[in-house]
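> mind looking at a prediction? Sequence and model below.
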Amino acid sequence: ALSELLVQFGAIAVSLSALSDEHLFDSNSAQTDDLWIETRISALLYEDTDLDTLLPLIRKRIGDEHIRNYSIDSLADKNWVGEYRQNHQARIFANRLCVCPDWLEPPANVEQILWLDPGLAFGTGSHETTGLCLDWLAKQTLENKIVVDYGCGSGILALSALKLGADHVYATDIDSQALAATIANAEKNHLTANLVTGLPDTMQFPEADLLLANI
């Protein structure tokens with residue numbers, strides 16, 4: 001596949017999207033190579049990538065007749081940390097819980113503040129389903145409750161449950177980077193004492209009062 005060729009040449013990221021408004025639905029079949037009739041392929045490459053070698057290989061791999069057009073653009077050097085950070089903000093849920101990136105000042109008069117750095121894991125509170133879960137969670141009485149967070153991502157739900165009074169939380173994810181982010185965020189918030197983390201097949205889950213699964 002073309003994406004594999006791009007990765008072999010050191011592509012940092014490769015994405016495929018529809019060139020038109022055509023929809024592609026999962027047929028639940030074993031077929032894995034279904035794509036749009038016209039597909040846009042975008043790749044992020046290092047500046048020193050050998051394009052003189054790569055472009056002929058692309059033409060040979062898929063054929064000139066299948067290439068409508070292509071373009072090569074250079075990205076301006078930016079403060080990428082700053083670009084990343086400006087897209088996040090403190091968020092308040094049910095007037096009780098604030099999820100705040102650790103580089104921002106939290107708003108005043110909030111009962112609980114969860115300091116969060118998502119790292120490479122999913123979960124900042126900005127996604128609609130995460131926000132709905134947090135809003136619901138902040139309205140619950142969690143004192144003396146045992147909570148399981150299945151698919152914990154950054155740990156945002158698990159750690160929010162602890163901030164809101166849960167007795168113990170068991171957080172699991174199939175992604176080791178997610179578990180690392182959860183542990184780092186727990187340490188940042190001094191919540192490690194009542195948190196258990198691990199891969200699903202290594203965890204022993206107790207009988208829980210609440211199961212969270214924002215997956």
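Right, received. Where do you want to start?

> tally up the residues packed near residue 70, please.
10 (other Cβ atoms under 10 Å). In this view, the C-beta of every residue, glycine as well, is placed from N, C-alpha and C.

> distance of it from residue 207?
57 Å (Cβ to Cβ, to the nearest Å).

> can you confirm residue 201 is in a strand?
No. Counting by DSSP: H, G, I helix; E, B strand; the rest coil, residue 201 is not part of a strand but helix.

> report the separation between the spatially closest residue to residue 111 that is not a sequence neighbour and residue 117.
In space, and not counting its chain neighbours, residue 111 is closest to residue 96: 4.8 Å by Cβ to Cβ, 6 or more residues apart in numbering. Counting by Cβ to Cβ, the separation of residue 96 from residue 117 is 22 Å.

> mind giving me the domain split of the protein?
If you go by automatic domain parsing, the domain ranges for the chain are 2-66, 88-212.

> JSON lines for the ones you listed, including mean pLDDT and distance to residue 76?
Output for these, formatted as JSON lines (pLDDT from 0 to 100; distance: least, Cβ to Cβ, whole Å):
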{"stretch": "domain 2-66", "mean pLDDT": "77", "distance to residue 76": "12"}
{"stretch": "domain 88-212", "mean pLDDT": "91", "distance to residue 76": "22"}
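
> now the strands for the protein?
Using DSSP state E, the strands of the chain run over 13-18, 39-44, 91-93, 97-101, 112-116, 146-150, 168-172, 195-198, 210-212.

> show me the contacts for residue 165.
Neighbouring residues of residue 165 by Cβ atoms under 8 Å, 6 or more residues apart in numbering: 141, 142, 143, 145.

> which phi and psi does it have?
Residue 165 adopts backbone torsions of phi 110, psi 0, taken as degrees, to the nearest 10.

> picking up where we left off before, quick one: closest of the strands of the chain to residue 129.
Closest to residue 129 of the strands of the chain is strand 210-212 (Cβ to Cβ; 11.2 Å).

> how many neighbours does residue 167 have?
By other Cβ under 10 Å, neighbour count at residue 167 equals 14.

> revised request: answer the last question for residue 182.
Neighbour tally, residue 182, other Cβ under 10 Å: 29.

> now do the contacts for the residue nearest to it when sequence neighbours are not counted.
Counting by Cβ to Cβ, 6+ apart, the nearest residue to residue 182 once its immediate chain neighbours are dropped is residue 155, at 3.1 Å. Contact partners of residue 155, counting by Cβ under 8 Å, 6+ apart, are 121, 123, 149, 171, 178, 181, 182, 183, 185, 186.
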